[in-house]
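>>> I'd like to go over a predicted model; first the sequence, then the structure.
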Amino acid sequence: MKRSKIWFALFVSPILLAFTVVVVVPMLIGIYYSFTNWDGIRSGSWVGLSNYIKVLTNDKDFFKSFIFTAKFAATSVVTINLLGFLLALLVTRGLRLSNVLRSVFFMPNLIGGLILGFIWQFIFTNGFNAVGKFLGVEFLQGWLADSTTGFLGLVILMSWQMAGYMMIIYISALENIPESLLEAADIDGANSFHKLIHITIPLVAQAFTVGLFLALSNSFKLFDQNLALTGGGPYNSTQMLALNIYNTAFRFNDFGVAQAKAVLFLIAVAAITLTQIYYSKKREVEM
Amino acid sequence: MMEKKIEKKTVLTRSTNFNMGKKRNKNILLTISILLGLLYLSPFYLVITNSLKTQQGIFLNVMGLPFDKFFKPHNYLEAFKQLDFIKSFINSLVITTSSTVAIIIFSSMASWMLVRTKTKFSSFLFFLFAAAMLIPFQSVMLPLVNIAGKLGLLNPVGLVFMYLGFGSSLSIMLYHGFIKNIPYELEEAATIDGCNTFQIFWHIIFPLLKPITVTVSILNAMWIWNDFLLPQLVINKPQWQTIPLKMFYFFGQYSRRWDLALAGLVISMIPIIVFYFTVQKHIIKGITQGSIK
């Protein structure tokens, strides 16, 4: 073997080994397991498509989770990015306190989803309740006890957590807009709204691609916050896909079916994110 | 650089738009921002004030400050003990640090080789690492636990190995993008001087990677520190529990005792908040760079 090949192997193989054992092999074996009646310990026997048929035709909870997850992802992608963009616009105005506010808006992002979920469980059940009683607003009382408030709770929690992250991305895009363009627009008599629509937004299109991608994939794969905030309840009505897969395996010990769901989950995540990237990139170019 | 830009902007607005209308707009915007900031912080206010109250104090008055007979700082002492906080803190610290260091060493080495070796196999490997970014953890977790059990990896060392595998994709992409812009001449000069490949990398290349190394370490450390599901599947023994893991069981045990649960939540947030305020600049830079990929 040539010397350069030996060096190549020495430098690349440690991480390639970890990557193979942890990602590649489980992925391939997982696809195989999804066609068996695997019980989590011994590899089971081949059952063909029956796990998939079970999941797709005879699993109301999975279907419900899918709808809930899709609805949640669609909503939170919009709220997270809208809020993040507005925050970025606010803190790039050269206002006093801008730097302090940036830190404040970003802070929730650092804390783990599990801890945030518990915190908001308290806010929704106790804090909202108190405010609701004080103002006499019935809607604020008894949160997380039904699927609507569970849904809204998750959207609020995720928007609060991730908007600061998006803000950072949008700030760096906004700061790259040449000052001269905005000045030229000023001279031409454009108002703030026109400047935003015709100059700012088209020029930060690339940041929108990133922001939408991150929000979409994070929302779709959400687990920790879901587990800590509602635990999927009441009656699995706020259970998202990741939690459904987890419960199928570890609560109901149905590993073959859980793995079939995991494969479908992969296909859905990959399809959605790739489509989203494709369309956003196309729009970037057109603009 | 950021500060300079802001300065320039304020100077510009002052000189070109010096009229009362703009000034009033600015005040309105400032008021909105401050209100938003307070709204953003209100969950922390609720959690911190209530963590200092008795059960009854929380029940009777959630919004108010803790005082008199409802004031109970003792919650913290008890939560600290129940969480076995020093131990779970050390567990988290050891696992996060060693995983991050492993990721830095091995992903920088691999990325450099992948950039400098122009073969089909090398591009294929890079493509593989990049494509794996799409794979959600839940899609591989069940077979992974199974394989890890057979290989004897269900322990802290195995966990670090797994973080190396899961952290590889993003880290290699970040390093790869950075290394592409380093001129090749530097290495050629070193080769002539008689350095071997290993020396070239550690003495010449790696020091040049410092900015991206900071980014890669922060992105990985934040993710690993907060990660719950992987440790839960891999090292679920009391003596190895990390902070999120310990918090999960603690909360399950005390979910009807908000006084203790809230104190525990505050304690478990402290390390990351302290970390944030010490290296804030790097975190912000890291996020911006990490998102470009």
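Structure's in. What do you need?
>>> From here on, just use CA atoms for contacts and neighbour counts.
Fine.
>>> how far is the top helix by length along chain B from where the chain is centred?
If you go by DSSP state H, chain B has its longest helix at helix B:258-292. Offset of helix B:258-292 from its chain centre (Cα atoms, centre = their mean, to the nearest Å): 8 Å.
>>> for that helix, which positions count as buried?
Of the residues in helix B:258-292, B:258-269, B:272, B:276, B:283-291 count as buried by neighbour count, 16 or more other Cα atoms under 10 Å in any protein chain shown.
>>> all helices for the stretch 151-293 of chain B, in order.
Along the stretch 151-293 of chain B, counting by DSSP state H, counting those that start in this stretch, helices occupy B:156-179, B:185-192, B:197-199, B:206-208, B:210-226, B:229-234, B:243-254, B:258-292.
>>> and the fifth one, what other elements does it pack with?
Read that as helix B:210-226. For helix B:210-226, the elements it packs on are helix B:85-116, helix B:156-179, helix B:258-292, judged by 3 or more Cα pairs under 8 Å, 6 or more residues apart in numbering or on different chains; DSSP states H and E.
>>> likewise the first one?
Applying 3+ Cα pairs under 8 Å, 6+ apart, one finds that helix B:156-179 makes contact with helix A:3-19, helix B:85-116, helix B:120-131, helix B:210-226, helix B:229-234.
>>> so where's the chain shaky on pLDDT?
With no chain named, the answer covers chain A. Along chain A, the model assigns pLDDT under 70 to residues A:1, A:284-287.
>>> Not quite, go with chain B.
B:1-20, B:291-293.
>>> and residue B:151, how many neighbours does it have?
11 (other Cα atoms under 10 Å in any protein chain shown).
>>> Same check on residue B:123?
By other Cα under 10 Å, neighbour count at residue B:123 equals 13.
>>> Count the neighbours of the spatially closest residue to it that is not a sequence neighbour for me.
Spatial nearest neighbour of residue B:123, chain neighbours left out: residue B:114 (7.2 Å); criterion: Cα to Cα, 6 or more residues apart in numbering or on different chains. Around residue B:114 there are 24 other residues, counting by other Cα under 10 Å.
>>> try residue B:78
Neighbour tally, residue B:78, other Cα under 10 Å: 14.
>>> Verify the stated contact: it with residue B:262.
No. Contact criterion Cα atoms under 8 Å: residue B:78 and residue B:262 do not qualify, at 11.5 Å.
>>> if you skip the residues just before and after it, what's nearest to whichever residue of the stretch 151-293 of chain B sits closest to chain A?
Using Cα to the nearest Cα, the closest approach of the stretch 151-293 of chain B to chain A is made by residue B:165 at 4.0 Å. Of all residues beyond its chain neighbours, the one nearest residue B:165 is residue A:19 (4.0 Å), with distances taken as Cα to Cα, 6+ apart.
>>> Against residue B:27, how distant is residue A:94?
Residue A:94 is 12 Å from residue B:27, where distance means Cα to Cα, to the nearest Å.
>>> go on, residue A:209?
Following Cα to Cα, the distance that separates residue A:209 from residue B:27 is 32 Å.
>>> about what we covered before: wait, which of the helices and strands packed on helix B:156-179 is closest to residue A:270?
Counting by Cα to Cα, residue A:270 lies closest to helix B:120-131 out of the helices and strands packed on helix B:156-179; the figure is 9.7 Å.
>>> Pull out the CA atoms of the closest one and give them to me as PDB.
Extracted in PDB, the C-alpha atoms of helix B:120-131 (Å, rounded to 0.1, in the frame of the first residue of the first chain):
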ATOM      1  CA  LYS B 120     -13.700   9.200  -5.500                       C
ATOM      2  CA  PHE B 121     -13.700   7.300  -2.200                       C
ATOM      3  CA  SER B 122     -12.800  10.500  -0.300                       C
ATOM      4  CA  SER B 123     -15.700  12.400  -1.900                       C
ATOM      5  CA  PHE B 124     -18.000   9.500  -1.300                       C
ATOM      6  CA  LEU B 125     -17.200   9.500   2.400                       C
ATOM      7  CA  PHE B 126     -17.800  13.200   2.700                       C
ATOM      8  CA  PHE B 127     -21.100  12.800   1.000                       C
ATOM      9  CA  LEU B 128     -22.000  10.000   3.400                       C
ATOM     10  CA  PHE B 129     -21.300  12.200   6.400                       C
ATOM     11  CA  ALA B 130     -23.300  15.100   5.000                       C
ATOM     12  CA  ALA B 131     -26.300  12.900   4.000                       C
END
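>>> Please identify the helix or strand for the spatially most central residue of chain A.
In chain A, the residue lying closest to the centroid (Cα atoms, centre = their mean) is residue A:218, at 1.7 Å. Per DSSP states H and E: residue A:218 is located in helix A:205-220.
>>> by how many degrees do that helix and helix B:258-292 diverge?
Relative orientation of helix A:205-220 and helix B:258-292, computed by axes from the mean of the first three to the mean of the last three Cα atoms, to 10 degrees: 140 degrees.
>>> What are the buried residues along helix A:205-220?
A:205-220.
>>> Can you name the next helix or strand after it?
With elements assigned by DSSP H and E, the helix or strand that comes after helix A:205-220 is helix A:224-229.
>>> Can you sort out which of the buried residues of helix B:258-292 also neighbour chain A?
Restricting the buried residues of helix B:258-292 to those near chain A by Cα under 8 Å from any Cα of the partner chain leaves B:258, B:262, B:265, B:269, B:272, B:276, B:284, B:287-288, B:291.
>>> Output the residues you listed as TSV; include the columns distance to residue A:167.
Shown next, in TSV, are these (distance: Cα to Cα, whole Å):
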residue	distance to residue A:167
B:258	32
B:262	28
B:265	26
B:269	22
B:272	20
B:276	17
B:284	10
B:287	10
B:288	10
B:291	12
